[in-house]
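S.K.: no sequence for this one, just the structure:
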């Protein structure tokens, strides 16, 4: 189906899309039809800057297992990083 | 070379982009395909799915032209992302909560008017949509005067999506009484959205309202069985489904 479920989060950082690096202000996460991945549905993440325009987007489409592995790796890395480094 | 060849082609088609006016007066872009002749012909509005005004949907538009119809697919995300790549536009629109039902009806209404205004139109216009476009087909057919409608596995025609679904969709049962044409529904038995019990409930509702419809549920097929570019493609269901489409539009749009 075209799932309507979307998680949206404000973010601070940068991403690299089709037009190069840009300031990313927003991320959306959803499980829906991919554009490119050979899957019926995929976990999709868009890092975006809607104020700059729709082309300021870095996208990924992962199968569910890969997405969970990536999420766990991100959390593991953050948990093992000293707090003092996270502010800079 | 291209122009020289064009003179030799019989049963030629034309396809490309046009500007069209939505019913609310906004100009939006649309993809249109048509037999390149002046014979009277029926028309079809193709409603793209949530992932956008993509290449696969435009291929469907050309398929209708090959079968003798003039077909148009309005870019439902044009207002939010004019000129953007279809996937970027879809991502932006999703982040904004999707498009409203009112905007959908306005854009499909403008497309219907555009098609009927062309001198070789026979005045008959059908609507077809896939996935989220299936729900929107039902919405359009209950909101506009059209001659035939085909809902291909549209979910949430009835019932409300879970609260975690932030897009602007709601149940359409209150407008079912206004369905302006015969409805063909093509579904997969293995689909969860819409599941067979949801389509059975819709069929029951339409029966109660005296609305003519035919629902076909294909075994061994789930959601998006028409989508040739996705693993969900089921050749048997898709081929049988296309035969149903040609028969239905052949009766209603000639």
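M.R.: It's in. What you are looking at is a predicted structure, and each value in this text was computed from that prediction instead of being measured. Numbering: from 1, shown residues only, chains lettered A, B, ... in the order given.

S.K.: For the rest of this, base every contact and every neighbour count on C-alpha atoms.
M.R.: OK.

S.K.: For residue 49, give me its contacts.
M.R.: Using chain A here. Shown in contact with residue A:49 (C-alpha atoms under 8 Å, 6 or more residues apart in numbering or on different chains): A:22, A:23, A:24, A:25, A:26, A:56, A:57.

S.K.: please go with chain B instead
M.R.: By C-alpha under 8 Å, 6+ apart, the contact list for residue B:49 reads A:2, B:129, B:130, B:131, B:132, B:133.

S.K.: Now a ChimeraX select for only the buried ones of those.
M.R.: Remark: buried members of the contacts of residue B:49, expressed as a ChimeraX selection using 16 or more other C-alpha atoms under 10 Å in any protein chain shown:
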select /A:2 /B:129,130,131,132,133
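
S.K.: The contacts of residue B:49 in helices, which ones?
M.R.: B:132, B:133 (DSSP state H).

S.K.: Verify the stated contact: residue A:25 with residue A:13.
M.R.: Yes. Between residue A:25 and residue A:13 there is a contact under C-alpha atoms under 8 Å: 7.1 Å.

S.K.: For these two, work out which one has more neighbours and name it.
M.R.: Between residue A:25 and residue A:13, residue A:25 has the larger neighbour count (other C-alpha atoms under 10 Å in any protein chain shown), namely 17 against 10.

S.K.: what's the closest non-adjacent residue to residue B:196?
M.R.: Spatial nearest neighbour of residue B:196, excluding adjacent residues (C-alpha to C-alpha, 6 or more residues apart in numbering or on different chains): residue B:189 at 6.1 Å.

S.K.: pLDDT score for the one you found?
M.R.: Per-residue confidence (pLDDT) for residue B:189: 98.

S.K.: ditto for residue B:87
M.R.: At residue B:87, the pLDDT value in this model is 95.

S.K.: my hunch is that it is in a helix, does that hold up?
M.R.: Yes. Applying DSSP: H, G, I helix; E, B strand; the rest coil, one finds residue B:87 inside a helix.

S.K.: what about it, neighbour count?
M.R.: Neighbours of residue B:87 using other C-alpha under 10 Å come to 20.

S.K.: mind listing what it touches?
M.R.: Contacts here follow C-alpha under 8 Å, 6+ apart; on that basis residue B:87 touches A:35, B:51, B:52, B:53, B:54.

S.K.: Fine by me, thanks again.
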